[in-house]
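1. Got a predicted structure here, sequence first:
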Amino acid sequence: MNLVLDYNEGTDHLALLRRIDFCNVTGPLFVDMDRVPFFHPSTLTLLYGIFKLHYCTTPGEKRTCQPASFQSSETDVNRYVQRVNFFDSCPDLKPLREEKFRRHDPAGRFVPITEVHKMEETDSVAQRIVSVIFSKSKVSGETQVKYALSELMDNALQHAESPIGCVVQAQLYRTNSVEGVILDCGMGVRKHLQGNRTIVSELTSDEKALQKALEPHVSGTHNRKRDPEKREGGYHNAGLGLPVCCELMKRSGGFLQLISGKSCLTVDREGCRHTAIAGWPGTFITFRINYQNIANITDIIKEFDIRKTKGHNLEKGEAPKFI
């Protein structure tokens, strides 16, 4: 595959996903980043995951990258790409790791691209993201947000069967927001939910599967015979991590995108929008949160539980809505 990034695709991962079917990356892999003037975490982490997947599944093939060359008085794109460890994705890119700058501690500003392969690692990685989110925030809730993000990573490691584990990145912006990414290259949302016999008939498309995954208590461990294992700040494997994160981002004035197969759902205060994409081999979650307006996760979970008790089901095609 020869992939030449368009000017805007460094900051518009959906444009890239609409154009390229990443479920079908065959032969040698070449990515040209030269014309891109800036990268958001979503595009960089996406490309990292593809390089990593390509290396894991076809180690004998060649992988090359033309790095970004754009520089200005305010930014050096390739230096940023190096700072977030993009070229660690596979040994083929090792020559591009040579750095001509001094690294500084990224804590509180960004979380570089990080691979997570063990359940024991998810809490510490989530804490690093939380440290970025709350570095300039005057509100509380670190433990609760850490729980929700840990659940997303746990889901990827437990259920996705991803050959690359899950890949994470986060970046603080001057607009009172943090953008984060958690992705894997595993079985995807629809195939995972098909293990739940009570809803399998509703999973007629990738879009329907994503809509279902945003409902509380749906995407947790199926057919558990006892109460979910309690975890600090919430419930482990209760199917709340994704719906809670979605509601959290939306209430802050940000958004959450859930991407899998040939579909993307974007949820924000304006509602839930579907975008058809060419294909993603796994589950790709990207979010933006306003760190000055963070809701109380305990209240969100209580509202989920009230709705479950009342037997209320979401109307088909709608994202979770609350008063």
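-> Yes, it's here.

2. Please count neighbours and contacts with C-alpha atoms only from this point.
-> Fine.

3. Return, as residue ranges, the portions of this protein with sub-threshold pLDDT.
-> Along the chain, segments meeting pLDDT under 70 span 73, 219-238, 308-323.

4. please redo it, this time with the cut-off set to 80
-> Scanning the chain for pLDDT under 80 picks out the ranges 72-75, 100, 102, 104, 107-108, 217, 219-239, 305-323.

5. Quickly list the domain ranges of it.
-> The record's domain split for the chain, according to automatic domain parsing, is 1-92, 107-323.

6. quick one: terminal-to-terminal distance for the shortest one?
-> Using Cα to Cα, to the nearest Å, the span of domain 1-92 from its first residue to its last is 15 Å.

7. can you give me how far that domain is from the chain middle?
-> Computed by Cα atoms, centre = their mean, to the nearest Å, the chain-centroid distance of domain 1-92 equals 16 Å.

8. Need phi/psi at N155.
-> Backbone torsions for N155, taken as degrees, to the nearest 10, come to phi -60, psi -40.

9. again, but for I289
-> When quoted as degrees, to the nearest 10, the phi and psi of I289 stand at phi -130, psi 140.

10. Quick check: beta-bridge partners of it?
-> Beta bridges link I289 to V178, judged by DSSP bridges.

11. Count the neighbours of it for me.
-> Counted by other Cα atoms under 10 Å, the residues lying close to I289 total 24.

12. Could you pull up the residues touching it?
-> By Cα atoms under 8 Å, 6 or more residues apart in numbering, the contact set of I289 is 133, 177-179, 248-250, 252-255.

13. try 7 Å
-> By Cα atoms under 7 Å, 6 or more residues apart in numbering, the residues touching I289 are 177-179, 249, 252-255.

14. and V31, helix, strand or coil?
-> Recorded secondary structure, V31: strand (DSSP: H, G, I helix; E, B strand; the rest coil).

15. That one is in contact with A68, isn't it?
-> No - using Cα atoms under 7 Å, V31 is not in contact with A68; the gap is 10.4 Å.

16. Which strand or helix spans the closest residue to Q127 other than its chain neighbours?
-> In space, and not counting its chain neighbours, Q127 is closest to K146: 5.9 Å by Cα to Cα, 6 or more residues apart in numbering. Taking DSSP states H and E as the criterion, K146 maps to helix 142-159.

17. Any buried residues in the next helix-or-strand element following that helix, and which?
-> Remark: after helix 142-159, the chain's next helix or strand is strand 166-173, criterion DSSP H and E. By neighbour count with 16 or more other Cα atoms under 10 Å, strand 166-173 contains the buried residues 166-172.

18. Need those residues in CSV (columns: distance to L203).
-> Converted to CSV, the buried residues of strand 166-173 look like this (distance: Cα to Cα, whole Å):
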residue, distance to L203
C166, 24
V167, 26
V168, 28
Q169, 30
A170, 31
Q171, 34
L172, 36
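
19. Considering the residues you listed, which is situated nearest to E115?
-> Each of the buried residues of strand 166-173 was scored against E115 by Cα to Cα, and V167 proved nearest at 4.6 Å.

20. Excluding chain neighbours, what is closest to that closest one?
-> Nearest to V167 is E115, by Cα to Cα, 6+ apart, at 4.6 Å.

21. could you point out which element follows the helix or strand hosting that neighbour?
-> E115 is part of strand 110-116 when elements are defined by DSSP H and E. For strand 110-116, the succeeding helix or strand toward the C-terminus, using DSSP H and E, is helix 119-133.
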